[in-house]
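S.K.: What follows is a predicted protein model with its sequence.
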Amino acid sequence: MPAAIAEFSVDAYVVDVLLPDLVGHDRHPSAFLTYVALWRRTRGGAEPATLSLRELSEATGLSKRAVQDAVDALVRRRLVSLARDTPTSVPAYSVLRPWGVATPLTRR
């Protein structure tokens, strides 16, 4: 776990658009909580974070199964990517910010 800092910030998009989209439309509040926890640990997407499901579960207060479903939803929505050295190794998560750049993933 990274060293504790007094505060961190998130893009307004995360609260104004992503929150109602994931929680209201997709009905995945666990995905929003997981995204915010990963945002914090990746310093807003600046660096990948290697975390086990147990560590993410502890960070969010969710069960490991709920975190696993949330990660699947975030990967499917292309809001998070993960990389593993082997199929059983702990993944390194990267938070993606498709709204910050004009890409085919950005909804207009």
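M.R.: Nice, I can see it. Numbers count the residues shown, from 1 in each chain.
S.K.: who are the neighbours in contact with the residue most central in space within the chain?
M.R.: In the chain, the C-alpha closest to the average C-alpha coordinate belongs to Tyr35, at a distance of 2.6 Å (C-alpha atoms, centre = their mean). Taking C-beta atoms under 8 Å, 6 or more residues apart in numbering, we find Tyr35 in contact with Val14, Leu18, Leu22, Ala70, Leu74, Leu79, Val80, Val95. The C-beta positions use only the backbone N, C-alpha and C, and glycine is treated the same way.
S.K.: Is it within a helix or a strand, and which one?
M.R.: helix 29-41 (DSSP states H and E).
S.K.: List the buried residues in that helix.
M.R.: Counting neighbours by 16 or more other C-beta atoms under 10 Å, one finds that the buried residues in helix 29-41 are Ser30, Ala31, Phe32, Leu33, Thr34, Tyr35, Val36, Ala37, Leu38, Trp39, Arg40, Arg41.
S.K.: Give the residue spans of this protein that score low on pLDDT.
M.R.: Where the chain drops to pLDDT under 70, the residues are 1-6, 100-108.
S.K.: All the helices of it, in order from the start?
M.R.: 12-13, 19, 29-41, 53-60, 64-76 (DSSP state H).
S.K.: Select, out of those helices, the one closest to Ser89.
M.R.: helix 53-60 (12.5 Å; C-beta to C-beta).
S.K.: name the helices or strands packed onto that closest one?
M.R.: helix 29-41, helix 64-76 (3 or more C-beta pairs under 8 Å, 6 or more residues apart in numbering; DSSP states H and E).
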